[in-house]
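J.: coords please:
(one chain, ligands or ions: 1)
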Amino acid sequence: MTDRTDDWDPDAYDDDTGFVHEYGGAVVDLLDPRPGEAVLDLGCGTGHLTAEIADRVDESRGATSEGPEVPQTMRTGGSGAREQTTGSATDGRTESARYEASREAGTAVGVDASPEMVERARETYSDPRFEVADAREFDAEEPFDAVFSNAALHWIPGDDQPAVAERVAAALAPGGRFVAELGGTGNVAAIVDATVAELRERGYEAENPWYFPTVGEHAATLEAAGFEVRLARLFDRPTELEGGESGLANWLDVFGDSLFAPLADDERAAVVSAVEDRLRQTLFDAATETWTVDYRRLRFVAVRA
Ligand code: BEZ
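T.: All right, here's what the predicted structure looks like:
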């Protein structure tokens, strides 16, 4: 789930960090979407994995060049074809989206907090449906069979994770599954440590802005929301960046807004350069001119009781 404090550039996101959805294919496999299922993709970004899920739940997709029509029963509440409520919503939520999932044809719906990402997903795919929604506040009118999330939950502060788990549980039918991957404890620690050290040396207060839980922490949150955790796994996934010498700077450009929040543009460039110097020894292979990021993933399957 992309966070509103970050200035999202869908072009840079797709061009420089395409590995996010490429690696996400394994999480889709873990989800194992089946024909006829209704699946919500929480934090869909530019929508590539939502489209992959849609292909698997609706086998008629791709039968024509345009793909099938979105079922009429798919809507976001109210009497209109789509309804997106923001601001002072009648149910008291600051922002909510209501979804009715078709039970006849399989459906996938992608939601993201970033309007820029949702706009790009809609431009790329006329189907499935994409909506702007906040993972802490969304509503589903009809239950989904599964909720999926890849590389999104770590953008939401730890204090808000119980609300997310509670909204996901409410969106699922009994027995429905929540299958997700996020950064786990120690994720991108070298980058965070180097950046925080550099910022502190320059007199700024700085800390890890992301939610990277342990298995135990996140499992407890899921259980408190009524989930049974069937699988939870923390593993290293060192990831080579494209872009040669510029790979790390590109990564920081796409993802680093919350890390560099207090900085003006010129000082941000100086800090990025200093962070590169701090990390060159450990994360850069001069022979292949490749930066490798120290990703650690937390992957889980949880079933609503
Ligand atoms: C991640 O996918 O693990 C991640 C991406 C950007 C910032 C922090 C973590």
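J.: From now on I want contacts and neighbour counts done on CA atoms only, so please keep to that.
T.: OK.
J.: which helix is the longest one in the protein?
T.: Longest helix in the chain, counting residues (DSSP state H): helix 265-283.
J.: tell me which strands and helices the following helix or strand past that helix is in contact with?
T.: Downstream of helix 265-283, the next assigned helix or strand under DSSP states H and E is strand 284-285. The helices and strands touching strand 284-285, judged by 3 or more C-alpha pairs under 8 Å, 6 or more residues apart in numbering; DSSP states H and E, are strand 290-293.
J.: The strand it packs on packs against which elements?
T.: Applying 3+ C-alpha pairs under 8 Å, 6+ apart, one finds that strand 290-293 contacts strand 239-240, helix 247-255, helix 265-283, strand 284-285.
J.: how far out from the middle of the chain is the first one?
T.: Going back to what we said before, that points to strand 239-240. Centroid displacement of strand 239-240 relative to its chain, using C-alpha atoms, centre = their mean, to the nearest Å, is 18 Å.
J.: what helices or strands is it leaning on?
T.: Judged by 3+ C-alpha pairs under 8 Å, 6+ apart, strand 239-240 is in contact with strand 290-293.
J.: which other residues reach the strand it packs on?
T.: For strand 290-293, contacts defined as C-alpha atoms under 8 Å, 6 or more residues apart in numbering pick out 188, 191, 238-245, 247-248, 283-285.
J.: how about a cut-off of 7 Å?
T.: Strand 290-293 is contacted by residues 188, 238-241, 244-245, 247-248, 283-285 when judged by C-alpha atoms under 7 Å, 6 or more residues apart in numbering.
J.: Okay, now the sheet partners of whichever helix or strand comes after it, with direction.
T.: Counting by DSSP H and E, the element after strand 290-293 in chain order, helix or strand, is strand 296-304. Partner strands and pairing direction for strand 296-304 (DSSP bridges) are strand 172-183 (antiparallel), strand 227-236 (antiparallel).
J.: Pop out the phi and psi values for D159.
T.: phi -60, psi -20 (degrees, to the nearest 10).
J.: still on that earlier bit, could you dump the strands paired with strand 296-304 into a markdown table and include mean pLDDT and mean neighbour count?
T.: Converted to a markdown table, those look like this (pLDDT from 0 to 100; neighbours: other C-alpha atoms under 10 Å):
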| stretch | mean pLDDT | mean neighbour count |
| --- | --- | --- |
| strand 172-183 | 98 | 22 |
| strand 227-236 | 98 | 17 |
